Every structure is written in C-alpha cells, then in structure tokens.
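Q: When you get a sec, could you give me coordinates for this:
(one chain, ligands or ions: 2)
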Amino acid sequence: MAFDIDMIKGVYATMEERVKKARELVGKPLTLSEKILYSHLWDGTPDKMFTRGKDYVDFAPDRVACQDATAQMALLQFMHAGKPKVAVPTTVHCDHLIQAKVGAEADLLRANQTSNEVFDFLESVSNKYGIGFWKPGAGIIHQVVLENYAFPGGMMIGTDSHTVNAGGLGMVAIGVGGADAVDVMAGMAWELKFPKLIGVKLSGKLSGWTAPKDVILKVAEILTVKGGTGAIIEYFGEGATAMSCTGKGTICNMGAEVGATTSTFGYDTSMDRYLRATDRADVADAALAVKEHLTADPEVHARPEKYFDQVIEIDLSTLEPHLNGPYTPDLATPISKMAEAAKTNDWPLNVEVGLIGSCTNSSYEDISRAASLAKQVSEKKLKTKSQFTITPGSELVRYTIERDGFIDTFEEIGATVFANACGPCIGMWDRYGDKAADGPRNTIVHSFNRNFAKRADGNPNTMAFVGSPELVTAIAIAGRLDFNPITDTLINEEGEEVRLEEPRGYELPPEGFSVEDAGFIAPKVDGSGVEVKVATDSERLQLLEPFVPLSNESLQGMKLLIKAFGKCTTDHISMAGPWLRFRGHLDNIANNTLIGAVNAFNQKTNFVKNQLTGEYGGVPDTQRAYKKAGIKTLVVGDHNYGEGSSREHAAMQPRHLGVAAVLVKSFARIHETNLKKQGMLGLTFVQESDYDLIQEDDTFNFVDIAEFAPGKPLTLEVVHGDGSRDIIMANHTYNRAQIAWFKEGSALNLIKKENA
Ligand code: MIC
Ligand code: SF4
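A: Numbering: from 1, shown residues only. Ligands and ions are numbered 1, 2, ... in the order given. Okay, the predicted model is just below:
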C-alpha cells in the first residue's frame, strides 16, 4: 500500500473539475503540465488564465522531500517558522553524507560514525515535526521518492535539483532551495513564475545500444545548459509510451542539466506497471480512473507546435549512444564520433574508472542491462580494463539485484559496490586521499548527470564523460573512451577477436522486488515532546541568526568581491565533497565561499584583491575583511550563474559574509530565487557588455535603491579606481512580495513576523 493514499485520492477527486475550468479559461486543449499546474493552485479552482514566463503564481504542492545535505539548513530555518508540524507530507533522506571508499558496508559504518551528529539531528527534527525519515543506506532521495511517493498528476517540491526525477511517474516535481521548502512545510503558498512549455516528441523506438539516457544527452546538446531555463519539458510520442517508467525518470532527472524547471511524461501503462511492481496498486487504480487528466489532450499531441513554446523532435530509431563531457553535461559526442573528437581535443583515451548507478541510472532495468554485458566478460574470456563501481539508488533495488545474482556478476569483473548513496556523484569519493587537488590528468566515464570540474573526485584534471550505464559498462570493459561497441571488436585473453552483444535486461524484476529493511522510520504522531539538540560547540551544526535587512546606506560605497569568469556553478560557489560536512554550520561552510570561481582579472581561483589593503588573498578571507570593516560587496558573474545544485548555501554563505548583491549576465532559476529568499539583490545586466566595464578596484553605489519596485531596473553607479564613473542599469525580477523579503532581510524573517 502507498504512503499518503488519502492525499493522492484527494488530488484526483478535484482534478476533473479543475482541469475543465482551466481548459475553459485558457480557451484551448491543455498540455499535461498545464493540467497539473492549474489543478494545484493555492486558491483552488482556477479563475483566471496565467501568462507563461511572466505571471508569478501561488501553488499548493502535495508533498516535500529533502536530502541530508540540504535538509539541515531547511530544517534549521523551519524551526524558526513557529509551526508544531509540517503542513504537507514531508520526508528526509540520508544519502549525500556517505563517502564512497572501500565498499558499502564499511563506508556506511564510517558515515554513521563521522556524521552521527547530523543524522541524529535530522532524525530528531523529523520525529518532532511529523516528517518521514529514511536512514543512511536506505537510498538516494529521488530513487526512494520514485519507488514510494511519486504519483501521476501530482506536484511536489524537493530541496535538491534532481527532484525532477519524479517526472518519470508523471509528476510536476521541482527542485528548490530550503527556504522554499519551508514555505510549503509551514502551510503557506509556494510561488513560481508560470513556466514556459517545451514539447519533446519522441518518435521511433529505442533499441540495441541506445538507452533513455541518450535521449537526455541529445536534448542537452540541443538545449545547452541554459536552454530549458524557466520551462517545463513535456515528452510525448510513441517512443515515450514504449519506454519504461524508470527510463522516463532518467530523462526527467537529467533535465536539471538543461536548467529546466522540471520535465514530465503523460500517464501510460509503463507507469501502471511500475506502480504495481512497487506495491502501489491502490495508486495505480486511482490513477487509471482519471487517466485522461493525467496526460495532454489529444489535440496537443496531434499539433504540438500550437500548444508548446518550442517543439523538439527526436527519432529514437536513429538515435546513437552518446557520451557528454568533459566538464559540462551539454558537450555531446555520438559514440561513432568519439575517436575523432578525443583526438582533436586531446582527451586521454585510457579510461581509468567506469561508474554506474546514482539517482538517475540505477533502476532494475539499468542494472540488468549492464549486468548482461558484465556477464559476457567471462563468457568471451575478456578482462575488464578499467576499474568499475556501482552505486545502487536504493536498498529496494540493491536487495533485489543481489537476490537475482547481478551483484555477483559485477563482482566477477572486479566491481566495487558502494553504499546506496550519492558517493562519487557528489565528490564523496575518496579516490586520491588528500592528493586530489593536483591529481593526474585522466578520464572516467559514468552514468551520473553532472560532470563539472572536480565534481566526482576533487581532481581538477579528471575528465568525466556521462553516458548510459550500458555504454559505461562496455567502455569500462574495453578500457577506452573511443570504443564503439556497435562496430568495434575486442581481443580476448586468448588473442581472439570478440564482439560484445547488445545489452539485454528486464524492465522490472520478473520475480518482483523484495527488501528486508527498506530503511524508513515513521515519525511520532505527537512529536511535541521531542527535544532537538544542537551542541553550541558543534562544528557541524549551528542554530541560525536572522539576517539583518540591507539598508539603503549599506548599498552605497560597496566594493567588488570577485568578477567571476566563465562557468560559475553552485559547485564553484559552494563546493560539495569535503565541504558537505559543514552544510549545517553556516559560519564554517562560509569558508568555501566562491573558492572555485575564476577571477576574471587573473584567471586564478580563490585569489582576489582586497581593496582595503591592495593585497591578494582567498575569497572568504578577503570577504571577512570587508565584513569586519562594515563594507558590503558585490559579486559579478557571467551567464547561467548558479547553475547546478539547489543548495541555498550558495546564497546564504555570501549573505552571511556580507555580500549584498550579485550582478550577472543571467541566472539559473533556483539560485536566483535562493538569493531573493535570503534578502539579497540578484540582478542582471541590462546591457550584457557592461560586464566588461567592471574593473578590479571598483566601488558601487545603488543610487536609486530607495525606489526599488517591480519591473523597474536599478541604477548602479560604478566608481573606478581612477575616479572615473560609469552608470550601469541592472534588471531584476522581484515582485512585490519578494521586495518585502528584501526589506525584511529574508523571507524567513517575514514568515516569523507573520506567525508571531
Ligand atoms: C547535486 O547533484 O549537485 C546535489 C548534491 O544533489 C545538489 C544538492 C546539494 O548540493 O546538496 C542538487 O542537485 O541540488
Ligand atoms: Fe545524489 Fe548525484 Fe543524484 Fe545529486 S545527482 S542526488 S549528488 S546521486
């Protein structure tokens, strides 16, 4: 039986009426995304139409999910909201804080020792406020959500950018910062700009070596890392319905890498099968009864260009397997072109490690298909050339694949099985001990979703390529980046030429899923007596102090902290890996602020000028010096600033240290909202070329900040080192409510005031 079945039935009970009303208001057939959005309005039944890409709308998501690394900050904030219990079903998942080193058992034991304090904190806060708790080892948030909580037509938010994975089960699932989650947990509306809609028609059918992952690798090439910003991607077509539900999850998951608000698929029988296989026949039956509302109207599929803002068509029958990378997930190379591309770009051909699994690619189908390749190693007398690792997405999957013999198959090719956790995907991979920073130049391939510099192992010289688990396995067997399993042969131990046969697997376990302890701990019905402890001398956890509003005076005479050059993702602003341990301690984690960003004036990282002394130093130290002197600062950046993670630390840390404004060419959605929530100014250049006007010794005055109002650009006076001045106009997207957050110092300050 499913969790929260009454809530799900409640959503379905009002769906028909709301969808009908929305169709009348919009005046034409509806896409699935519109049906879900209009049936989740905070005000209930729709009474007006919204303009895509323009109107801010209040929504009422059905549930919230948080993972350990972001939950700490989210819950520390929630504790200030003045509520006895969460208002909607919420869960916390312990997955990011488990370092991969030797293998599942030992690694889990070590994580339970080293992060004990944090897990205890999360468990007790969950118990107190009625939150479901998934203990370390239970699995990665998105896989656990897909297996237990996602339902067609639902809407959820989660404090992780890959929350979008639940689109595989036909949800609108959106990644947010912790402060957004606090709104929903506290029973308030959640605001989002009504998204634009991108339709992706999948014609043809997947076969052979091509996998769902290749669909999103191709979409990433087409849209690039920012092409999906502000949009929901809705997939449809015969190729979509023919694909497994977990394959759909993979595609939606990595939609975060094109900046999409979320991605989703219409309800079909693959979802029905998956729901039943994961012990949720009750949800499957309920969904079946309203299935016409859980997919787009037929006219939309017939003439998509009339209903979507952009339409992309991909023919799955001709789609090749791809590898995307290095350093960015949108640099796509079809496998037949890899030999040439690697040569041109001088990518090391020798593949040191192949890693499969993670939240995006560890379904039973993925694992069984990869195992069918591993099995051929002994059959064909081959030897696996690269190291090989598996990170299962959940205990349910791990237990089942072990039962079905796949773990043994992988172990026979020398694989290491890591814990059911994020591990190497988020730099929690002890590959080099303390020598990662100047590790050797090398290539790895993985089936994860992100491959920014240093992301997997902390080594800036590791080039990571993203591919399907099948392709990663084949490449690990061959040990070469340019191995194309479709056309190439391998020489086996006996000197014979052999070919790998196409991967084969099962959509779902033929004998069903099983598990002994899935890892769930239900909260107390009445948690009011539960005490939440945070030691005052803890280096891992720190209670929050409210942020002080930025006065108009403080926004005059500001200094430049850093002008970031090129890609500046949340990994550059607040690195993960070893820093994950400080995610619950704002002052400690602030010591990594922007240390990965490249200084545009000297192309170095963590080396900026302190205008007060003229000396160069690390970003956090320099910023602390400004803070001490009572001077606010400004950060300047390029396009898609804050791409990647939902971590609000990337906003809270600068805020805590005294950065007042971030001025960039464009923002990634979640990061822009996070800045607003923490009471900062997140601004974009009206003239992109003004980025070039910013010099190292600049001082800034927000001359008309007193007139800060929706739709009105702000004027920034820039005083250069030689006394000359420029005027720069800065756009912003703050609405009235968001300006109120700015005036109060943060959104949380406002909630507190309203609940007082
Ligand atoms: C990621 O994939 O980058 C993460 C780690 O899951 C993040 C969340 C975090 O930084 O804690 C995300 O995607 O939001
Ligand atoms: Fe974890 Fe990686 Fe998935 Fe993020 S993308 S939730 S780090 S497995």
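Q: which residues touch S386?
A: If a contact means Cβ atoms under 8 Å, 6 or more residues apart in numbering, then S386 has 351-354, 445, 475-477, 479 as its contacts. No exception for glycine: its C-beta is placed from N, CA and C like everyone else's.
Q: Next, format the residues you listed as a markdown table and append distance to ligand 2 and secondary structure.
A: Listed next are the contacts of S386 as a markdown table, based on distance: Cβ to the nearest ligand atom, whole Å; DSSP: H, G, I helix; E, B strand; the rest coil:
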| residue | distance to ligand 2 | secondary structure |
| --- | --- | --- |
| V351 | 20 | strand |
| E352 | 20 | strand |
| V353 | 16 | strand |
| G354 | 16 | strand |
| V445 | 16 | strand |
| I475 | 20 | helix |
| A476 | 19 | helix |
| I477 | 24 | helix |
| G479 | 25 | coil |
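Q: May I ask which of those residues has the most neighbours?
A: When neighbours are counted by other Cβ atoms under 10 Å, A476 leads those with 32 neighbours.
Q: Give the closest residue to it in space, chain neighbours not counted.
A: Among residues not flanking A476 along the chain, G354 sits closest, at 2.8 Å (Cβ to Cβ, 6 or more residues apart in numbering).
Q: go on, I486?
A: Using Cβ to Cβ, 6+ apart, the closest residue to I486 is W209 (5.6 Å).
Q: So the one you found: helix, strand or coil?
A: Look at W209: counting by DSSP: H, G, I helix; E, B strand; the rest coil, its state is coil.
Q: Over to it: give its phi and psi.
A: The phi and psi torsions at W209 (degrees, to the nearest 10) take the values phi -80, psi -10.
Q: follow-up on the earlier one: beta partners of the residue nearest to A476?
A: With DSSP bridges applied, G354 shows beta-bridge pairing to F388, V445.
Q: Of all residues in the stretch 601-750 of the chain, which one is closest to ligand 2?
A: Nearest residue of the stretch 601-750 of the chain to ligand 2, counting by Cβ to the nearest ligand atom: S645, 7.4 Å away.
Q: My guess is that residue contacts H572. True?
A: No: in terms of Cβ atoms under 8 Å, S645 does not count as a neighbour of H572; the distance is 10.6 Å.
Q: Quick check: residues of the stretch 501-650 of the chain near ligand 1?
A: The stretch 501-650 of the chain comes close to ligand 1 at residues 576, 644-647, as judged by Cβ under 6 Å from any ligand atom.
Q: where does the stretch 401-550 of the chain have low pLDDT?
A: Residues of the stretch 401-550 of the chain meeting the criterion pLDDT under 70: none.
Q: what about the strands in it?
A: Taking DSSP state E, counting those that start in this stretch as the criterion, the stretch 401-550 of the chain contains strands spanning 416-417, 442-446, 462-466, 490-491, 497-498, 520-521.
Q: Off-centre distance for the second one?
A: The gap between where strand 442-446 is centred and where its chain is centred comes out at 21 Å by Cα atoms, centre = their mean, to the nearest Å.
Q: Just the CA atoms of that strand, as CSV, please.
A: The C-alpha coordinates for strand 442-446 follow below in CSV (Å, rounded to 0.1, in the frame of the first residue of the first chain):
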residue,chain,number,x,y,z
ASN,A,442,42.8,11.2,-16.5
THR,A,443,39.4,10.1,-18.0
ILE,A,444,36.5,8.5,-16.2
VAL,A,445,33.0,7.6,-17.6
HIS,A,446,29.9,7.5,-15.5
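Q: Now look at it and say if it contacts ligand 1.
A: No: Strand 442-446 lies out of reach of ligand 1 by Cβ under 6 Å from any ligand atom, never closer than 12.6 Å.
Q: returning to what we had before: quick check: which of the strands of the stretch 401-550 of the chain is buried the most?
A: Highest mean neighbour count of these: strand 462-466, a mean of 26 (counted as mean count of other Cβ atoms under 10 Å).
Q: Can you name every helix or strand that that strand contacts?
A: Other elements packing on strand 462-466 under the criterion 3 or more Cβ pairs under 8 Å, 6 or more residues apart in numbering; DSSP states H and E are strand 322-324, strand 442-446.
Q: roughly how far is it from the heart of the chain?
A: Distance of strand 462-466 from the chain centroid (Cα atoms, centre = their mean) equals 18 Å.
Q: Quick one: check it for contact with ligand 1.
A: No: Strand 462-466 is not in contact with ligand 1 by Cβ under 6 Å from any ligand atom; minimum separation 12.6 Å.
Q: List the contacts of that strand.
A: 213, 217, 323-327, 329, 347-348, 439, 441-451, 454-456, 481.
Q: switch to 7 Å and redo it
A: Applying Cβ atoms under 7 Å, 6 or more residues apart in numbering, the external contacts of strand 462-466 come out as 217, 323-326, 329, 347-348, 439, 442-446, 448-449, 451, 455-456, 481.
Q: could you give the angle of that strand to strand 442-446?
A: Relative orientation of strand 462-466 versus strand 442-446 (axes from the mean of the first three to the mean of the last three Cα atoms, to 10 degrees): 30 degrees.
Q: okay, now the residue lying closest to E502 once chain neighbours are set aside: neighbour count?
A: Distances taken as Cβ to Cβ, 6+ apart put G208 closest to E502, at 4.9 Å, once the chain neighbours are dropped. Per other Cβ under 10 Å, the neighbour tally for G208 reads 12.
Q: same question, P392
A: By other Cβ under 10 Å, the residues close to P392 number 30.
Q: likewise the one 10 residues further on?
A: Around E402 sit 14 other residues, with neighbours defined as other Cβ under 10 Å.
Q: what sits against the residue of the stretch 451-600 of the chain found nearest ligand 2?
A: For the stretch 451-600 of the chain, the residue closest to ligand 2 is A576, as judged by Cβ to the nearest ligand atom, at 7.5 Å. Contact analysis of A576 by Cβ under 7 Å, 6+ apart lists 426-427.
Q: and it, what are its phi and psi?
A: phi -90, psi -120.
Q: same thing with E493?
A: Here is the backbone geometry of E493 (degrees, to the nearest 10): phi -60, psi -20.
Q: same thing with V88?
A: V88 adopts backbone torsions of phi -130, psi 160, taken as degrees, to the nearest 10.
Q: again with G439
A: According to degrees, to the nearest 10, G439 has phi -70, psi 170.
Q: What sits closest to it if chain neighbours are left out?
A: Nearest residue to G439 in three dimensions, chain neighbours excluded: N459, at 3.2 Å (Cβ to Cβ, 6+ apart).
Q: Same check on P710?
A: Nearest non-adjacent residue to P710, counting by Cβ to Cβ, 6+ apart: N735, 5.2 Å away.
Q: repeat for N451
A: Counting by Cβ to Cβ, 6+ apart, A464 is the residue found nearest to N451 once chain neighbours are left out, at 3.9 Å.
Q: all helices for the stretch 651-756 of the chain, in order.
A: 669-677, 736-744, 747-755 (DSSP state H, counting those that start in this stretch).
Q: Please identify the deepest-packed of the ones you listed.
A: Stretch with highest mean neighbour count among those: helix 669-677 (a mean of 27; mean count of other Cβ under 10 Å).
Q: tilt between it and helix 736-744?
A: Helix 669-677 runs at 50 degrees relative to helix 736-744, counting by the same axes, to 10 degrees.
Q: any idea how far F700 lies from V719?
A: 8 Å (Cβ to Cβ, to the nearest Å).
Q: before we move on, what about T699?
A: Going from T699 to V719 by Cβ to Cβ gives 4 Å.
Q: Who has more neighbours out of those two?
A: Each of T699 and V719 has its neighbours counted (other Cβ under 10 Å); T699 has more, 18 against 15.
Q: Kind regards, and thank you for your time.
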